[in-house]
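# here you go, sequence then predicted model.
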2 protein chains.
Amino acid sequence: MKVIENGGLTTPQGFEAAAVACGIKASGNKDLSLVYSPSPAAVSAAFTANQVAAAPVVVSKANLGTTAQAIILNSGNANAVTGAAGIDDARAMVALTAARLGLAPGQVLVASTGIIGHPLPMAPVRDGIAALEPAAGPAADLAFAEGIMTTDAFPKHLAVEVELSGGPVAIGGSAKGAGMIAPDLAPHATMIAIVTTDAPLGQQDLDGFMAAAIAGSFNVITVDGDTSTNDCLFALANGRAGEFGLSAGDRRALREAFNYVCLRLAKMIVRDGEGATRLIEYTVTGAQTPGDAVTVAKTVADSLLVKTAFFGRDPNWGRILAAIGRSGVSIDPDRLEVDIGGAAVVRSGLAVETPGPRLALAMESEEIQVRIGLNLGAAQATVYGSDLSYDYVKLNAEYTT
Amino acid sequence: MKVIENGGLTTPQGFEAAAVACGIKASGNKDLSLVYSPSPAAVSAAFTANQVAAAPVVVSKANLGTTAQAIILNSGNANAVTGAAGIDDARAMVALTAARLGLAPGQVLVASTGIIGHPLPMAPVRDGIAALEPAAGPAADLAFAEGIMTTDAFPKHLAVEVELSGGPVAIGGSAKGAGMIAPDLAPHATMIAIVTTDAPLGQQDLDGFMAAAIAGSFNVITVDGDTSTNDCLFALANGRAGEFGLSAGDRRALREAFNYVCLRLAKMIVRDGEGATRLIEYTVTGAQTPGDAVTVAKTVADSLLVKTAFFGRDPNWGRILAAIGRSGVSIDPDRLEVDIGGAAVVRSGLAVETPGPRLALAMESEEIQVRIGLNLGAAQATVYGSDLSYDYVKLNAEYTT
């Protein structure tokens, strides 16, 4: 597998992308993005489990078939809690995009991200869709990624190439964060992520690869514990790399590649979490079930006291233990183990002497590994979280989002 | 019922209190408090549900009988995650206090609050217990409340007097916060709270009054969602107001008084929540069960996006709706109602026109009422939360607690 860092949605053959600044955002930044496959592509989708689901989520769910050719996305306005008018607006985005590209409306999906509860300004959206000029290449990939940003500090995209028995295929990905991030995508995220591939995959295969990749990536990240009304993930497979069967080895290679692309995008979202200065990787081992491992890891990752300790560069394992103890998962306090940055800090539920300089060094790393051993079973899980900084408060107290 | 704002644990007859600075806190502030009843008092206790329970929690649970005469409490060190040595230290606090007061060890309970995972410095504790001089009066009440403070900005105490058929009785209370506050006291708080009364109540009656009072106070407050390893609540009833039977009216009056004292203390904890500038009262109405109402209210109260919005004085109901939708409680988005400061902002799941000045005024109040209507049933609950400020981050990132 070869990683193409400046790759994106149009690295796989037969995909095009575009973005414009249509005027939804007062900043004048890009706010309307399109990805387009001139040939029908198998589609896999996952949507937020939040019961207050945005209009584009409702419309895309209803419109989802076995294939899709275009996804239209706006940032700056979530089109959420907008009632029947919001549903009409989301449908109009689909219809306008279909007309622009000469597609049946059933081939177009829609997503939105931004402020909740304000009508989508349709005049700029209409003009924006008319102005979209899809193309392939790094400039289009970058523009797409910029067009879906809200409080994101940087655009998020990459691609990989995988050599299969029938020839090379590519997988591209693009995503946005950066707040209201605790995706719970159901089969499960105002995370938005798009994955494209030219591998010869039908919907069932694509669903399988994406379900596995989501479970180990988007569904195990948290910036603020706030699952959004608008989270959407779409994957498109157009088969343009050629028609060939997949060997068991090909499937392993594809699984690894989908997992890699989704995990990289998910980690970019956490790294760019609102105000975040650290990515912390919490691995819980020795749990009785994988679900228990995820629950313990998420409880620790979302603890305000743990998050502020990491912002303070304080390896405060006492706060970690307190969070483990309130997670609701049955534990044995006397068996607990905690490692920070590979250094043992707790064994058998008690502090062990750990060289202070080693911990201080671990705290300086932009990515910090925390291992929590429960010593009760064989299950494990990893959750990716961020710290909590002054800038988080600034971003969310000073601006309405 | 008459409220005595500067009252406290020794307002009821027959109770004494004391506090000293024994040297646990580097600041030199008071860090060792005692409440003492020269005559045996019926006792009711509730402890944290956190599975990583501190040594004093373990020791007090084991020592709890039908009566108690003294509670010894230290701040500055939680004596949590301190293993067998910690248990020995907590037992030594009990034994030293019993010896100091000439009591059987079974009459003494113990509580601690402060940093987790550090051995309790027993030499200062020993000297401190020897130096305690219990007395009654406002000075003793204030000293007691100061001696249990950690990151608290102000001491927390009050008392009430209730006229019963057999004569007047008093109830006194004292508590501390201010972080790791999401009490889950089991029958259920590093909240520590002590309640005293001279009313003629046995353990069973006291347990009943306290269980009801806890359910509507300490168990429905949250500062940070982090349930502590050390939460403890103790209530003592020494009957010194006189021996008389309780009429149904007396029981109603006592219930109201216990509820009032516990709710006032609980709200003081939230008002003094680390970095808090606002107390927000979330009342969920129209739930199918009281448990559902509490879950929805706590999910909203603990949402970082909602908390930072209130710090920013932003009546951001979109964030409130997003939190309701991810609470795990089954809702109908189209039936949702939200009022902020008594002004309707959401009806039938959609924004209603609300005068901006009215909302702006509501945001300036130090106590803000939010009502969330689910319109699904008849159950309701109120949860008390705080906002999230720069000072919260500062307190918890710059200091190890």
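All right, it came through fine.

# past the helix or strand bottoming out on mean pLDDT in chain A, which element shows up next along the chain?
The helix or strand of chain A with the poorest confidence is strand A:185-186; it has a mean of 54 (mean pLDDT, DSSP states H and E). As assigned by DSSP states H and E, the chain's next helix or strand after strand A:185-186 is strand A:192-197.

# for the longest helix belonging to chain A, buried residues please.
Longest helix in chain A, counting residues (DSSP state H): helix A:248-271. Using 16 or more other CB atoms under 10 Å in any protein chain shown as the test for burial, helix A:248-271 gives A:250, A:253-254, A:257-271. The C-beta positions use only the backbone N, C-alpha and C, and glycine is treated the same way.

# how about stretch A:122-142?
Result for stretch A:122-142 [16+ other CB under 10 Å]: buried residues A:124-125, A:128-129, A:132, A:134, A:136, A:140-142.

# in the strand or helix carrying residue A:90, what counts as buried?
With secondary structure defined by DSSP H and E, residue A:90 is part of helix A:83-101. By neighbour count on 16+ other CB under 10 Å, the buried set for helix A:83-101 is A:86-87, A:89-94, A:96-98, A:100-101.

# between these, which is nearest residue B:159?
Comparing those against residue B:159 with CB to CB places residue A:86 closest, at 54.0 Å.

# surely that closest one touches residue A:116?
No. The pair residue A:86 / residue A:116 is not scored as a contact, 10.5 Å apart, by CB atoms under 8 Å.

# intersection of neighbour lists for these two?
With contacts defined as CB atoms under 8 Å, 6 or more residues apart in numbering or on different chains, the residues shared by residue A:86 and residue A:116 are A:54, A:80.

# parallel or antiparallel, list what pairs with the helix or strand just after the longest helix of chain A.
Using DSSP H and E, the next helix or strand after helix A:248-271 towards the C-terminus is strand A:279-287. Paired neighbours of strand A:279-287 in the sheet (DSSP bridges): strand A:367-373 (parallel), strand A:379-386 (antiparallel).

# nearest to residue A:43, of those?
Here strand A:379-386 is closest among the strands paired with strand A:279-287 (CB to CB), at 26.6 Å.

# from the chain's centroid, how far away is the next helix or strand after that closest one?
Reading on from strand A:379-386 to the C-terminus, the next helix or strand found by DSSP H and E is helix A:390-398. Its chain's C-alpha centre and that of helix A:390-398 lie 22 Å apart, by CA atoms, centre = their mean, to the nearest Å.

# counting neighbours, what do you get for residue A:200?
Counted with other CB atoms under 10 Å in any protein chain shown, residues neighbouring residue A:200 total 22.

# in contact with it, which residues?
Residue A:200 sits in contact with A:166, A:169, A:237, A:239, A:241-244, A:246, where contact means CB under 8 Å, 6+ apart.

# what about it, distance to residue A:248?
Residue A:200 sits 16 Å away from residue A:248 when distances are taken as CB to CB, to the nearest Å.

# what do you get for residue A:199?
Residue A:199 is 15 Å from residue A:248, by CB to CB.

# returning to what we had before: so what touches the helix holding residue A:90?
Residues contacting helix A:83-101 (CB under 8 Å, 6+ apart): A:34, A:36, A:54-56, A:58-60, A:63, A:69-70, A:72, A:74, A:79-80, A:82, A:103-105, A:107-110, A:112, A:119-120, A:122, A:125-126, A:129-130, A:132, A:134, B:349-350.

# what about the helices in chain A?
A:55-63, A:83-101, A:122-131, A:138-147, A:203-215, A:248-271, A:290-302, A:304-311, A:317-325, A:356-364, A:390-398.

# in TSV: the ones you listed, plus mean pLDDT.
Formatted as TSV, these follow (pLDDT from 0 to 100):
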stretch	mean pLDDT
helix A:55-63	95
helix A:83-101	97
helix A:122-131	97
helix A:138-147	96
helix A:203-215	93
helix A:248-271	93
helix A:290-302	95
helix A:304-311	93
helix A:317-325	92
helix A:356-364	89
helix A:390-398	86
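
# nearest to residue B:154, of those helices?
helix A:304-311 (21.4 Å).

# buried residues of the closest one, list them for me.
Quick answer for helix A:304-311 (16+ other CB under 10 Å): A:304-311.

# contacts only, for the nearest residue to residue A:294 once chain neighbours are set aside.
In space, and not counting its chain neighbours, residue A:294 is closest to residue A:381: 4.5 Å by CB to CB, 6 or more residues apart in numbering or on different chains. Applying CB under 8 Å, 6+ apart to residue A:381 gives the contacts A:220, A:283-284, A:287, A:290, A:293-294, A:297.

# if we go to 7 Å?
A:220, A:284, A:290, A:293-294, A:297 (CB atoms under 7 Å, 6 or more residues apart in numbering or on different chains).

# what's the answer for residue A:52, then?
With CB under 7 Å, 6+ apart, residue A:52 has these contacts: A:81, A:229, B:321-322, B:324-325, B:333.

# so what's the residue count around residue A:12?
28.

# that one touches residue A:173, doesn't it?
No. Taking contacts as CB atoms under 7 Å, residue A:12 lies outside contact range of residue A:173: 10.2 Å.

# list the residues that contact both of those two?
Going by CB under 7 Å, 6+ apart, no residue sits against residue A:12 while also sitting against residue A:173.

# tell me the buried residues within the contacts of helix A:83-101.
Buried, going by 16+ other CB under 10 Å: A:34, A:36, A:54-56, A:58-60, A:63, A:69-70, A:72, A:74, A:79-80, A:82, A:103, A:107-110, A:112, A:120, A:125, A:129, A:132, A:134, B:349-350, out of the contacts of helix A:83-101.

# contacts only, for residue A:240.
A:13-14, A:39, A:198 are the contacts of residue A:240 under CB under 7 Å, 6+ apart.
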